[in-house]
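Peer 1: The following comprises the amino acid sequence and a computationally predicted model.
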Amino acid sequence: MTEATAVPLITDEMRAQIGKESEPWTLEVDKTAVRMFARSVGHTDPVYYDEAAAKAAGYRSLPCPPGYLGTPIFDPRTSDATFGGRRGGGPGPQPSRPLKRVLNGGTEIEMLEDICAGDVLTATSHLAALEERAGSLGEMLISTNKTVYKNQHGRVVAIVTGTGIRY
């Protein structure tokens, strides 16, 4: 709660969403996407382009470059027509007062196992925390979301923690 008001930004409805897991979505990792991502971010290591080099380095196939966790499968029945993500995800419960600006507070990717071309990942996400703070520009709502990625064998291969700041 800020000094400016005694009414908290975080509502009971918002608190009730903490820890609720989303519906899962599927991502595929294919060689073309690995190569395109690696090229787009400037990686020149042959393991991202040449399967023989990847296998010689101990990978099953082309490994995912840092930051790439597969491509969501587009399904016109369930995907957003414009952006391709899950349809109907929506913003969820809103704070007690409108906060019009949004800032990315950072993203951390914890890689737990190799992810290689040919893998099929399943991801689920949940709101992990909400915090209210006063900043130089006024009140802020800080949300932390976690997304867990499992491979086709059910093993957790990556965890992404993202922070959003509304002010």
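Peer 2: Okay, I see it.
Peer 1: Tell me the buried residues in the longest strand that the chain contains?
Peer 2: Looking across the chain with DSSP state E, the single longest strand is strand 120-135. Under the neighbour-count criterion of 16 or more other Cβ atoms under 10 Å, strand 120-135 has 121, 123, 125, 127, 130 buried. C-beta here means a position set from N, CA and C on the backbone, and glycine is covered the same way.
Peer 1: Of those, which is the nearest to residue 15?
Peer 2: Nearest to residue 15, judged by Cβ to Cβ, of the buried residues of strand 120-135 is residue 130 at 6.8 Å.
Peer 1: Quick one: residues contacting the closest one.
Peer 2: Contacts for residue 130 (Cβ atoms under 8 Å, 6 or more residues apart in numbering) come out as 10, 14, 15, 18, 141, 142, 143, 144.
Peer 1: and the buried residues of strand 120-135 as a markdown table, adding pLDDT?
Peer 2: Putting those into a markdown table (pLDDT from 0 to 100) gives the following:
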| residue | pLDDT |
| --- | --- |
| 121 | 98 |
| 123 | 96 |
| 125 | 95 |
| 127 | 96 |
| 130 | 97 |
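Peer 1: Name the nearest residue to residue 157, ignoring sequence neighbours.
Peer 2: Leaving aside its sequence neighbours, residue 157 sits nearest to residue 113 (Cβ to Cβ, 6 or more residues apart in numbering; 4.4 Å).
Peer 1: Right, I'll call it a day here.
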